[in-house]
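Below are the sequence and a predicted model for it; my questions follow.
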Amino acid sequence: MKPASSSPSAVLFDHQALRDQFPALKQTIGEHPLCYLDTAATSQKPQAVIDAMTEYYQLNNANVHRGAHQLSARATQQYEAVRQQVAEFIHAQRQDEIIFTHGTTESINMLAYGLTSQLKLNDVILIDTAAHHANIVPWQELAKRTGAVIKPIPLTIDAQLDMAAFERLLSCKPKVVALCHVSNALGTVNPVNELVAKAKAVGAITLVDGAQAIAHLAVDVQQIDCDFYVFSGHKMYGPTGVGILYGRYSQLDQLTPMLTGGEMIKSVSFEHTEFGALPNRLEAGTPAIAEVIGLGAAITFLQLLPREQLQAHEHNLIHYLQQQLHQLGAIELYGISKDKNAINIGIVAFNLKGEHHQDVGILLDQQAVAIRCGHHCAMPLMHSLNLGGCCRASIGIYTNKQDVDQFIHALNAVKELLL
Amino acid sequence: MLNPSIIPAASLFLPVSDELTAAVNHIEQATHWQDKYRQIMLLGKLLPPLAAEYKLADAQVKGCESQAWLYHHVLNGQHFYLADSDARIVKGLIALLLIAYQGKTTAQIHQFDVQQYFDRLGLSGQLSSSRTNGLTALAQAIIAYTQDIST
């Protein structure tokens, strides 16, 4: 695999050696090697993550923050070290701004619930049209509880966030602006720094859903300057069942806990309970300890890699994928900006002209090609694109040119069969 | 349980054609996936399309990534179905279900081992609740319609 040779600082790295660290990718299905192009749904896990979780269960399994014994101390130390690691990874100011959740969906639910007392009748919540359902439905529920009003931020005809429309919407002084960093269905990238700055200028609380960005882009929450940033472990080579709610301390500290119980309290009596301080206040109950430790291993794994080169590698692959699809013919691509410099991240959304995305998916599956077909949990986006659904091929750091070639070869066979 | 507000005229519920029934053998015999799925799509083409006026939300089987509609009619204790999908392979898979179930009695439908049928056709992977093709939901809806008949 050729690394990004165009970059002057490029150091050769052995891509195959990197790929070899993902055991799931070594399998064949039927007569074909597995061609995994569904990383946007969940990434495969490197051996280091699997080992870290196994080691925790084999050697250090104990509950965190409570036992007066060595195992618990070890588990707690490991768990809290990951909090520090995550804080550094996304450049949070302090580690108690990092809340462990079970995933992006839970993070957004916790936020939307936690803001209930801060919203009132007719307050406006702006939502990105490209948002995943996880960044829509919790806000609808918040609107039901408070009488707030949801307004979608429209897209331009080339499926990018409509900046002019966004600015017009800001004149209604939204209380909350919920954005996505990278669209999970299209791979389009929002200029989050600019969007957040504009939203903050009118006093909005800002959330950026980074689920599809965190594995591909260097994220700096202080630079983005958002109040909240959320993501999942499993899309960044970590385990399922762990996610992050980052919040600016002053904002995070105002959230009403969605879950109450053990771990999150300072004192409890039948007359009165006093909640504890951040981060524990928002982490009721026993957390997903092994998963948090697995996430830590995933971050360590990523930090040891030449991330800039991998970013270039992914850009090259997406470009190659788009190019090969063009060459195949009878393909409609979605989310392609008119701006030639815009790059989609990790994802290519397409349809075989006149064919149902599900037919394409079933026939690709016969050839061990794993992609996702459907509405991608973004029905409002599909509606705005006037699509019943589409196919989505998505890549990760381990994806190589052979994957793309196998996919194109398989898609060509599908095309011959269908057309 | 589907409960469509409009039900197509009884005359539209027909036995499956001999051509369709015979085509099952082609699927069973196809060794290569391309042949198998080409045959499945041919089956779908042989299944009469549902008129647009019947492609209604309340006749739609949930659990399908594609849209699929299912209607039911009983005649002399035999169950007849009308079904369609906007995806060609799903429509072919529906045709396979109708070949098995059309014109059968409640007892026959309940006794029928649909898993074994798909295994025999080399399509066991398609009949799984973890798939989004909705075939499991369709098979369940076909059976559920028979349970609604108390007489």
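Good, I have the coordinates. These numbers were taken from a predicted model, which means no experiment stands behind them.

What parts of chain A come near chain B?
Taking CB under 8 Å from any CB of the partner chain as the criterion, chain A approaches chain B at residues A:355-359, A:361-363, A:366-367, A:373-374, A:388-389, A:413, A:417-418. C-beta coordinates here come from the backbone N, C-alpha and C atoms, glycine included.

Keep only those of the residues you listed that are in strands.
A:373-374 (DSSP state E).

quick one: which of the residues of chain A next to chain B sit in helices?
Within the residues of chain A next to chain B, residues falling in helices by DSSP state H are A:357-359, A:361-363, A:413, A:417-418.

give me the low-pLDDT residue ranges for chain B?
The model of chain B has pLDDT under 70 over residues B:128-130, B:132, B:148-151.

and it, which of its residues are near chain A?
Within chain B, the residues that sit near chain A (CB under 8 Å from any CB) are B:33-34, B:37-38, B:41, B:65-67, B:86-90, B:126, B:132-133.

Widest-spaced pair of those?
Greatest spatial distance among the residues of chain B next to chain A (CB to CB): B:Gln34 and B:Gln67, at 25.5 Å.

Show me the contact partners of stretch A:103-116.
A:99, A:101, A:132, A:134-135, A:138-139, A:141-142, A:145-146, A:176, A:178, A:205, A:207, A:209, A:211, A:228, A:230-234, A:240-245, A:247, A:254-259, A:282 (CB atoms under 8 Å, 6 or more residues apart in numbering or on different chains).

Sorry, wrong one. I was asking about stretch B:53-65.
A:357-358, A:361, A:373-374, A:389, B:2-6, B:8, B:67-71, B:82, B:84-85, B:87, B:90, B:132-134, B:136-138, B:141.

can you count the residues close to the residue of the stretch 151-300 of chain A found nearest chain B?
Per CB to the nearest CB, A:Ala185 is where the stretch 151-300 of chain A lies closest to chain B, at 14.2 Å. Applying other CB atoms under 10 Å in any protein chain shown, we find 30 residues neighbouring A:Ala185.

Show the model's pLDDT score for the closest residue to it other than its chain neighbours.
Closest residue to A:Ala185 apart from its sequence neighbours, by CB to CB, 6 or more residues apart in numbering or on different chains: A:His376 at 3.9 Å. For A:His376, the pLDDT comes out at 88.

Tell me which stretches of chain B form strands.
Going by DSSP E, chain B shows strands at B:68-75, B:78-85.

now swap in the stretch 301-419 of chain A and tell me
A:331-334, A:347-352, A:369-370, A:372-374, A:390-394 (DSSP state E, counting those that start in this stretch).

CSV for those strands, including distance to B:Ala22 and mean neighbour count?
Listed next are the strands of the stretch 301-419 of chain A as CSV, based on distance: least, CB to CB, whole Å; neighbours: other CB atoms under 10 Å in any protein chain shown:
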stretch, distance to B:Ala22, mean neighbour count
strand A:331-334, 36, 18
strand A:347-352, 30, 26
strand A:369-370, 32, 22
strand A:372-374, 31, 23
strand A:390-394, 34, 27
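
Got phi/psi on A:Arg248?
When quoted as degrees, to the nearest 10, the phi and psi of A:Arg248 stand at phi -60, psi 130.

pretty sure it contacts A:Phe228?
Yes - using CB atoms under 8 Å as the test, A:Arg248 is close enough to A:Phe228 to be in contact (7.5 Å).

More neighbours: these two, which one.
A direct count of neighbours by other CB under 10 Å for A:Arg248 and A:Phe228 places A:Phe228 higher, at 28 against 20.

Assign a three-state SS to the residue lying farthest from the centre of chain A, would you?
In chain A, A:Glu271 marks the outermost C-alpha relative to the chain mean, sitting 41.4 Å out by CA atoms, centre = their mean. Assigned by DSSP: H, G, I helix; E, B strand; the rest coil, the conformation of A:Glu271 is coil.
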